[in-house]
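> predicted model follows, preceded by the sequence.
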Amino acid sequence: MRKTACLVWFLGSFLLSVLSAAAQGNDGNANVEMAGVLRSNGKIYIVVAVLATILAGLFVYVIRLDRKIGRLEKEAK
């Protein structure tokens, strides 16, 4: 039950930060030159893929670390 609560808290905080960033709107930041160049060259997808890979790796690492710590806690009892 504890792992589920931690996961819900993490996903909730992640969703809240994404919504917060989306709520900033386009107040003059819509014409960022570097983003426009990346979009026009099609390289924005590479940037997104690299970021997604890094985030997926971090999630896998944290999940594996949580399982190992849980196993060690059970052995210590």
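Nice, I can see it. Keep in mind that this is a model prediction, so the values were computed, not measured. Residues are numbered from 1 along each chain as shown.
> low-confidence ranges in this protein?
1, 3, 18-32 (pLDDT under 70).
> could I get the full set of helices for the protein?
For the chain, the helices defined by DSSP state H occupy 2-22, 33-41, 44-76.
> want to throw the ones you listed into a markdown table with mean neighbour count?
In short, each C-beta sits where N, CA and C put it, glycine included. Converted to a markdown table, these look like this (neighbours: other CB atoms under 10 Å):
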| stretch | mean neighbour count |
| --- | --- |
| helix 2-22 | 10 |
| helix 33-41 | 11 |
| helix 44-76 | 10 |
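> how far is stretch 55-73 from where the chain is centred?
Stretch 55-73 sits 15 Å away from the centroid of its parent chain (CA atoms, centre = their mean, to the nearest Å).
> can you tell me how far the residue nearest in space to the middle of the chain is from residue 62?
The C-alpha lying nearest the average C-alpha coordinate of the chain belongs to residue 55 (CA atoms, centre = their mean; 5.1 Å). To residue 62, residue 55 is 11 Å away according to CB to CB, to the nearest Å.
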